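Asker: After the sequence you'll find the predicted model.
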Amino acid sequence: MIIVLRPDATEEQQEHIIKKLKGLGLQVHISKGTERTILGAIGDEAILRSVPLEAIPGVEKVLPILKPYKLASREFRKEDTVIDVGNARIGGKKIVVMAGPCAVENKTLLVEIAKEVKNAGASFLRGGAFKPRTSPYAFQGLEEEGLKYLAEARDRVGLPVVTEVMDPRDITLIAQYADVLQIGARNMQNFRLLKEVGLCRKPVLLKRGISATIKEWLMSAEYIMAGGNHNVILCERGIRTYETATRNTLDLSAVPVLKQMTHLPVIVDPSHAVGKWDLVAPMAKAAVAAGADGLIIEVHPNPEEALCDGEQSLKPKSFKQLMDELRPIARAVGREI
């Protein structure tokens, strides 16, 4: 249920309404817009049917939320959510680009890549310290050592860090070093993990599951938001279809669809979607044209020697060229990079 407050509602009236809703056993989430404050009452809405909420001072109107995802829906919040991370803003006019290696390999290489992508215009450094791999014999990441390298690269270069968390037991550790916590495709419906990052106040980048519908994806976002963490970024990274020409099938239609369904920012990962470096640039351009709020792209100076996903990594020179080519596309859709 959405309770829309009057523009002139006082803090005392707002607190009274919140206290009353909590007294009924409901969770209350506050959304402050430019003109209105909205309270989201989450729980058994049958409880509210006998309560004359519109009679309470400060209440303008009461509306039901019809979608199963409540906090993530456009019904709950009309304005786009913008998430501030350091000096970067995700969801605003500027399209953010997160770039770096698939896996953190060593400190020297990571700092070198961070400098290259920043000079090209990237806003974030991405890199995996914990790597979920299909084979148990593949490189699994440097773990805390890799996190320390990411933090040092951030301190030396000035880019906030995005890295993946796979296990609820690692959240506290990773949050000490990372600025944004990434939930990978394999863990999109790891509900215990979603609940735990919901209790953390770090922004969460939630990748779409390999075969997930948009509704299922938004319900996973709802798990995080229900825990109190509303700083969720959705990432379309391709889904599994019958097609084998690319690693996955990039569902670019998800971008405008999500823009209608949710207020959360949406970014696109063309690297994992196509799995081939020479297809990354055209899909990145298409994502910007489709309305994406950002991109996450893998970059490595020597892809043939990369410990992970070298075949889909751009060299720094190619990444800079892509950034230059994206700028006029961004301007054409009223954005900037």
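Answerer: Thanks, I have it.
Asker: Quick one: mean pLDDT over the helix ranked longest in the chain.
Answerer: The longest helix of the chain (DSSP state H) is helix 316-332. Mean per-residue pLDDT for helix 316-332: 98.
Asker: That helix packs against which elements?
Answerer: Secondary-structure packing of helix 316-332 (3 or more Cβ pairs under 8 Å, 6 or more residues apart in numbering; DSSP states H and E): strand 96-100, helix 107-120, helix 277-290. In this view, the C-beta of every residue, glycine as well, is placed from N, C-alpha and C.
Asker: Kindly recompute the last result at 10 Å.
Answerer: Here helix 316-332 touches strand 96-100, helix 107-120, helix 277-290, strand 294-298, going by 3 or more Cβ pairs under 10 Å, 6 or more residues apart in numbering; DSSP states H and E.
Asker: buried ones in it?
Answerer: If you call a residue buried by 16 or more other Cβ atoms under 10 Å, then helix 316-332 has these buried ones: 316, 318, 319, 320, 322, 323, 326, 329, 330.
Asker: mind checking how far the fifth one is from residue 245?
Answerer: Read it as residue 322. 21 Å (Cβ to Cβ, to the nearest Å).
Asker: can you check residue 276 too?
Answerer: Shown here: residue 276 relative to residue 245, a distance of 9 Å by Cβ to Cβ.
Asker: quick one: which of these two has more around it?
Answerer: Neighbours per residue (other Cβ atoms under 10 Å) separate residue 276 from residue 245, with residue 276 holding more: 14 against 9.
Asker: Quick one: residues contacting that one.
Answerer: 245, 246, 247, 283, 311, 312 (Cβ atoms under 10 Å, 6 or more residues apart in numbering).
Asker: Give me the most central residue, the chain.
Answerer: Nearest residue to the geometric centre of the chain (Cα atoms, centre = their mean): residue 233, 1.9 Å.
Asker: helix/strand/coil for that residue?
Answerer: The assignment at residue 233 comes out as strand when based on DSSP: H, G, I helix; E, B strand; the rest coil.
Asker: got the contact list for it?
Answerer: Each residue near residue 233 by Cβ under 10 Å, 6+ apart is listed here: 81, 83, 85, 90-91, 96, 98, 162, 180, 182, 203-207, 221, 264-267, 293-294, 296.
Asker: likewise residue 222?
Answerer: 42, 67, 68, 69, 70, 71, 72, 73, 194, 198, 232, 262.
Asker: What about those, which are in helices?
Answerer: Among the contacts of residue 222, DSSP H puts 194, 198 in helices.
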